[in-house]
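Enquirer: Dropping the sequence and predicted coords here.
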Amino acid sequence: MRLIASLRLGLHSFIDLILPRRCVACGSVLAYHEYHICPWCAKRIAYNPISNWELNNRISQWYHIRELQRVAAYTIYERDSVVARIIHQLKYGHKYELGEWMGRMAASELDSTHLFDGVDALVPIPLSRQRQRKRGYNQSELIAIGISKLTGIPVWSNILERTVNNTSQTRVEFWQRYTNAKNIFRLKPSVDRSLLEGKHLMVVDDVMTTGTTLFSAIMVLRHIADVNISTFSWAWTRTGSSQHSVASSIYAEEDEEQQGEAPEGTAAIAEEG
Ligand SMILES: [Zn+2]
């Protein structure tokens, strides 16, 4: 056994020598035992201090939603931060393997906070069909899979879908856009609603900026009888609460849908979707 372990270590070291793995945040070469980020960057991940998962002031407009149980975010997203770089690599750097790792990391650290207690299923925020085809994966689903591997909570990816928006968005006024944004999801027609009744569903998203995306999902799910809803975002931005930011995030989301992948450095607040 010891021989096999040594051979494996040798093989890994050899591969690392030929094709060095690099930190997704700073690009430095990783040691054999390091995965995805270096210790220097790992120390710079800003964790969300909220530990009791009560609704916070930022989303006070959600207070009236009685089905809502917990609203959680794991890290804080700031421009050019380690968190921002991880998210950027996950979404635009085709580093899909980061998603499950991110979910596992969150689940292992948050399990003791009882965040996942009583949750029956994880419901990832879906991408549009076009986007999913282009990217090849749904980053929120990968994060959910990572959480699932540690908690045993199943991932239900086939509940929500994006509605097809036929109206041209280019000249639509802001509030019209905002209203449209509220209706971006629906239950898939094939879903057996009776299977969802009385369940505690946790909606999983990669980044929460304004909350518009999560809010839209909640608005759809709350019509299920006796349902409880919680939300989990791997990261959230503290700057997204003003109307200006709501507008810019919606514009950005649409622009992203229309123009394709965001180039490096432009994804400051515009990370929803
Ligand atoms: Zn690094």
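Expert: Here it is on my side, so go on.
Enquirer: Looks like V155 contacts L122 (just checking).
Expert: Yes - between V155 and L122 there is a contact under Cβ atoms under 8 Å: 4.9 Å. Backbone N, C-alpha and C define where each C-beta goes, glycine included.
Enquirer: Buried residues in stretch 109-120, which are they?
Expert: 110, 115-116, 119-120 (16 or more other Cβ atoms under 10 Å).
Enquirer: Give me the residues contacting that stretch.
Expert: Stretch 109-120 is contacted from outside by 51-53, 70, 72, 74, 107, 147, 150-151, 153-154, 199-202, 228, 230, 232, using Cβ atoms under 8 Å, 6 or more residues apart in numbering.
Enquirer: Return the residues in contact with Y96.
Expert: Taking Cβ under 8 Å, 6+ apart, we find Y96 in contact with 90, 136-137, 139, 142.
Enquirer: Identify the farthest-apart pair in those residues.
Expert: Largest separation among the contacts of Y96 by Cβ to Cβ: L90 and G136, giving 12.2 Å.
Enquirer: These two - which one has more neighbours?
Expert: Between L90 and G136, L90 has the larger neighbour count (other Cβ atoms under 10 Å), namely 26 against 8.
Enquirer: For burial, what's the neighbour tally of the residue nearest to that one when sequence neighbours are not counted?
Expert: Using Cβ to Cβ, 6 or more residues apart in numbering and skipping the chain neighbours, the partner closest in space to L90 is L98 (4.5 Å). By the criterion of other Cβ under 10 Å, L98 has 23 neighbours.
Enquirer: now swap in S148 and tell me
Expert: Using other Cβ under 10 Å, S148 is surrounded by 20 other residues.
Enquirer: Now name the helix or strand holding it.
Expert: Assigned by DSSP states H and E, S148 belongs to helix 139-151.
Enquirer: Enumerate residues external to that helix that contact any of its residues.
Expert: So helix 139-151 is in contact with 90-91, 96, 98-108, 111, 116, 119, 122-127, 153-155, 157, 204-206, 232, 234, going by Cβ under 8 Å, 6+ apart.
Enquirer: Can you tell me the strand partners of the helix or strand that comes right after that helix and which way each runs?
Expert: Next helix or strand after helix 139-151 toward the C-terminus (DSSP H and E): strand 160-162. Using DSSP bridges, the strands paired with strand 160-162 are strand 185-187 (antiparallel).
Enquirer: list the buried ones in the strand it pairs with?
Expert: Of the residues in strand 185-187, those buried (16+ other Cβ under 10 Å) are F185.
Enquirer: Taking the contacts of helix 139-151, please make a PyMOL selection of just the buried ones.
Expert: With 16+ other Cβ under 10 Å as the criterion, this PyMOL line picks the buried residues out of the contacts of helix 139-151:
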select buried, resi 90+91+96+98+99+100+101+102+103+104+105+106+107+116+119+122+123+124+125+126+127+153+155+157+204+205+206+232+234
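Enquirer: So which of the contacts of helix 139-151 sit within helices?
Expert: Judged by DSSP state H, the subset of the contacts of helix 139-151 located in helices is 90-91, 98-108.
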